[in-house]
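In: my questions concern the predicted model and sequence given below.
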Number of protein chains: 2
Amino acid sequence: MLITFIGSGNVATHMAAALKNAGHRIVQVYSPDFQHASMLAYHVGAQATNELHAIIPDTDLFIVSVKDDAIIELVKALAKHQKLIVHTSGSTDLNSLLAFTDKAGVLYPLQTFSKSREVDFAAVPLCIEGANDDIKNQLEQLAYTISKNVYSINSADRKILHLAAVFACNFPNYLYTVAQQLLAEHQMKFDMLKPLILETAQKVQEQPPAAVQTGPAVRNDRVTMDTHLQMLGHQPYLQEIYSLLSQGIIKNNNVGHEDE
Amino acid sequence: MLITFIGSGNVATHMAAALKNAGHRIVQVYSPDFQHASMLAYHVGAQATNELHAIIPDTDLFIVSVKDDAIIELVKALAKHQKLIVHTSGSTDLNSLLAFTDKAGVLYPLQTFSKSREVDFAAVPLCIEGANDDIKNQLEQLAYTISKNVYSINSADRKILHLAAVFACNFPNYLYTVAQQLLAEHQMKFDMLKPLILETAQKVQEQPPAAVQTGPAVRNDRVTMDTHLQMLGHQPYLQEIYSLLSQGIIKNNNVGHEDE
């Protein structure tokens, strides 16, 4: 397939590489920042541009991978080329594209990407949606060339998925940062926590998270929780997080748990 | 070494197995619940008891691995045997043992354990502390027989570590539970999130968490955050968590971040 990337951020970077490796041809990369566009274009053997009027119409698919609030304007500008246009956003409804083109779809990768880190794209869940069955089939075929995990998900469910992903990825990563900062204040290294972080994520690959919850809250160990809250006395903001999440664990704990 | 376990929970179960595999002899397992004691004792070829007066004094080390608020009473009862006594708790001060015995120490494994899941004990960070240098050296030697990651950590720092571990492990696991529940409400499977959860934990093995933070908050994507808060309208408790953690990410974000 001939594919054009609109956007050159983390998602575009990893998806373009995966598609190129799967034998597709990346025609062009557009970004308002020419240097960004060039960097990705260079890696996938494409042309770079930062001008919308310079976009080559001779392509099979535009993949719009930009910030959510920039998607609509770009789709508006691309619609005249009469080619299939998909976005890669968790939270943007397919309907919002259909106002401008009926050749629209979604290719949402449920993964966290950083440019500096390689990802095994074959394991990335790809959520597809199409304006009609033809488009859906086409996207499904395309998706299977780069991933083993392809899901057909409508816009409403995709929004839920995206929200769940914030809880499962973005928030835990923030809590890792808090942990790292707590250790740094006492000249201890984040390295010490790495095996724990990895094991916590590995556990839930095999068992439901509620069944492997550990720590003072699930044991309802008030003494330790009070001590922890006191230790956070100089950071009321972290106290608040500690209380709120501990309460959540205690509430959930009516269902059944492990004790250490 | 001849070792006696006081307690038969998750930590005791995994540590006893690791010590036995390293060639030590587990003499006896005590638990107020005889069935619990028997189960662990059976696995490590030890004797089981649920009576304190039946504890065999002929041992080199008592490892007290019980709930924090039960430690002191047990140490009090064991002190008369004049043998080395350690606890495995993150939050209990070594000093609280020294009121009863001067042969005291700590062997704190910085890991989350569930009985149903095997752990590579060699990778578990073991934090040791001793009432004197002799005890510390003895515990260090013992610790290195079961783990490659041995740290000498005093009681004050160990408390910080334990607090950081709650943020790095217990709270993320709770957030996995929330994500799973959000999906379940819409008949979607937690399986879809597993690659994301694993990648999030793997990323921070190599890069500082603040440097690989992704999601709407770090992009300050107000539209998506507002949508998410609306979607959580029926669960004000989760709204509160969402707001609080997003604010934390936005605050941290003054330092520098990735944009997708």
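Out: Yep, it's here. Just so you know, these numbers come straight off a predicted model, no measurement behind them.
In: can stretch A:149-165 be found next to chain B?
Out: Yes: applying CB under 8 Å from any CB of the partner chain, one finds stretch A:149-165 touching chain B at A:149, A:151, A:156-157, A:159-165. For the C-beta atoms, the positions are set from N, CA and C on the backbone; glycine is no exception.
In: which one of those is nearest chain B?
Out: For these, the minimum distance to chain B (CB to the nearest CB) is 4.1 Å, reached by residue A:164.
In: mind checking the SS state of the closest one?
Out: Judged by DSSP: H, G, I helix; E, B strand; the rest coil, the three-state class of residue A:164 is helix.
In: nearest residue to it other than its sequence neighbours?
Out: Nearest non-adjacent residue to residue A:164, counting by CB to CB, 6 or more residues apart in numbering or on different chains: residue B:179, 4.1 Å away.
In: tell me the contacts of that neighbour?
Out: Residues near residue B:179 by CB atoms under 8 Å, 6 or more residues apart in numbering or on different chains: A:164-165, A:167-168, B:190, B:193.
In: can you add neighbour count and pLDDT and give those residues back as a markdown table?
Out: Listed next are these as a markdown table, based on neighbours: other CB atoms under 10 Å in any protein chain shown; pLDDT from 0 to 100:
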| residue | neighbour count | pLDDT |
| --- | --- | --- |
| A:164 | 28 | 98 |
| A:165 | 27 | 97 |
| A:167 | 27 | 98 |
| A:168 | 32 | 98 |
| B:190 | 20 | 97 |
| B:193 | 26 | 97 |
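In: out of these, which one sits closest to residue B:142?
Out: residue A:168 (38.0 Å; CB to CB).
In: contacting residues around that closest one?
Out: Each residue near residue A:168 by CB under 8 Å, 6+ apart is listed here: B:175-176, B:179, B:193, B:196-197, B:200.
In: which of those residues fall within helices?
Out: When these are checked against helices (DSSP state H), the matches are B:175-176, B:179, B:196-197, B:200.
In: got the domain ranges for chain A?
Out: A:2-153, A:159-255 (automatic domain parsing).
In: so how far is residue A:89 from residue A:105?
Out: Separation of residue A:105 from residue A:89 (CB to CB, to the nearest Å) stands at 12 Å.
In: hmm, I was thinking of residue A:55
Out: Distance, residue A:55 to residue A:89, by CB to CB: 20 Å.
In: please apply the same query to residue A:184.
Out: 35 Å.
In: export the domains of chain A to a markdown table and append columns for distance to residue B:94.
Out: Converted to a markdown table, these look like this (distance: least, CB to CB, whole Å):
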| stretch | distance to residue B:94 |
| --- | --- |
| domain A:2-153 | 40 |
| domain A:159-255 | 15 |
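In: for residue B:81, which of those domains is the nearest?
Out: Nearest of the domains of chain A (CB to CB): domain A:159-255, 26.7 Å.
In: okay, now residue A:141: neighbour count?
Out: Using other CB atoms under 10 Å in any protein chain shown, residue A:141 has 12 other residues around it.
In: show me what the host helix or strand of it is packed up against.
Out: If you go by DSSP states H and E, residue A:141 is part of helix A:133-146. When contacts are defined as 3 or more CB pairs under 8 Å, 6 or more residues apart in numbering or on different chains; DSSP states H and E, helix A:133-146 packs onto helix A:10-21, strand A:84-87, strand A:104-109, strand A:126-130, strand A:150-152.
In: list the buried residues of the next helix or strand after the longest one.
Out: On the C-terminal side of helix A:10-21, the closest following helix or strand by DSSP H and E is strand A:25-30. Using 16 or more other CB atoms under 10 Å in any protein chain shown as the burial criterion, the residues of strand A:25-30 that qualify are A:26-30.
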